[in-house]
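Q: model the following, please.
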Amino acid sequence: MNQFEKRDSFVEVVQTHKGIIYKIANAYCRCAEDREDLVQEILIQLWKSFDTYSDRYRFSTWLYRIALNTSISFYRKSSTRKSLFSGNLGAFLNFPDTDENDETESNITLLYRFISEFGDLDKALIILYLEEKSYKEISFIIGISETNVATKISRLKKLLRKKFSDNDVCIS
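A: Down below sits the predicted model:
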C-alpha cells in the first residue's frame, strides 16, 4: 500500500470510528483545548500504529486500546492535571430532555461523578463496560486477563452500588 492509499484508508476508518475518539477525549479532558490536544495525540498514535493493525480484532477494539492508552499517558503527563477529567461523563452523552428522565439523568451524573474518583485502569474498565464491550474485548484493550476483567468489574459494580446506597439513591 503506497502512502496515498494508506492515508485514504486511515482517513476512512478514523471517520467511521471518530465517535470513539471523541468519547474517550471527553472522558479524560474537561477543557476544550486539552480535548483537542488529546484527540490530536490519539490520531498521531493511531497513524504511527496503523501499519500494525491486525484484522484478528475489530478495528474499533484496536482503536479503543490505543485511544485509552494514549489518554491515560496524556492524563498522567499533563501539568494541568486539575483541569482534566470532568467527572461528568454524562455531559457528552445525549439523553432526551424530559421530566421523566430527570431522576435518571441525575443518577447518571452521579454515576460518572463516582467513576471520576476511580484510578485510570478502573475508569477505562467501566467506560468499556458501559459501552457494552465483551470481557474478551476489554481484556484485549486493557491488557489484562478476562478473569481479571470480570473480577475487577464485579468489584467496581459493588463499590458503585455502595456509593449509591451511601448517597440514599435507589437503583434497580
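Q: count the neighbours of residue 162 for me.
A: As a burial measure, residue 162 scores 11 neighbours (other C-beta atoms under 10 Å). Glycine gets a C-beta too; all of them are placed from N, C-alpha and C.
Q: and if you look at the one 4 residues further on?
A: Taking other C-beta under 10 Å as the criterion, the count of residues near residue 166 is 9.
Q: domains in this structure, as residue ranges please.
A: Per automatic domain parsing, the structural domains of the chain span 1-85, 87-172.
Q: possible to save these as JSON lines with mean pLDDT?
A: Shown next, in JSON lines, are these (pLDDT from 0 to 100):
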{"stretch": "domain 1-85", "mean pLDDT": "82"}
{"stretch": "domain 87-172", "mean pLDDT": "77"}
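Q: what's the neighbour count on residue 37?
A: Neighbours of residue 37 using other C-beta under 10 Å come to 15.
Q: residues in contact with the one helix or strand it maps to: which ones?
A: Using DSSP states H and E, residue 37 falls within helix 32-49. For helix 32-49, the surrounding residues in contact (C-beta atoms under 8 Å, 6 or more residues apart in numbering) are 10, 14, 21-22, 24-26, 28-29, 63, 66-67, 69-71, 74, 78, 80, 83-84.
Q: in terms of helix, strand or coil, where does the residue nearest the centre of the chain fall?
A: With distances taken as C-alpha atoms, centre = their mean, residue 24 lies nearest the centre of the chain, 4.0 Å away. Look at residue 24: counting by DSSP: H, G, I helix; E, B strand; the rest coil, its state is helix.
Q: mind checking which of the contacts of helix 32-49 are buried?
A: 10, 14, 21, 24-26, 28-29, 63, 66-67, 69-71, 74, 78, 84 (16 or more other C-beta atoms under 10 Å).
Q: so of the residues you listed, which ones are in helices?
A: 10, 14, 21, 24-26, 28, 63, 66-67, 69-71, 74 (DSSP state H).
Q: need those residues in a markdown table (columns: distance to residue 110).
A: Putting those into a markdown table (distance: C-beta to C-beta, whole Å) gives the following:
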| residue | distance to residue 110 |
| --- | --- |
| 10 | 39 |
| 14 | 33 |
| 21 | 26 |
| 24 | 21 |
| 25 | 22 |
| 26 | 18 |
| 28 | 20 |
| 63 | 29 |
| 66 | 30 |
| 67 | 26 |
| 69 | 28 |
| 70 | 28 |
| 71 | 23 |
| 74 | 26 |
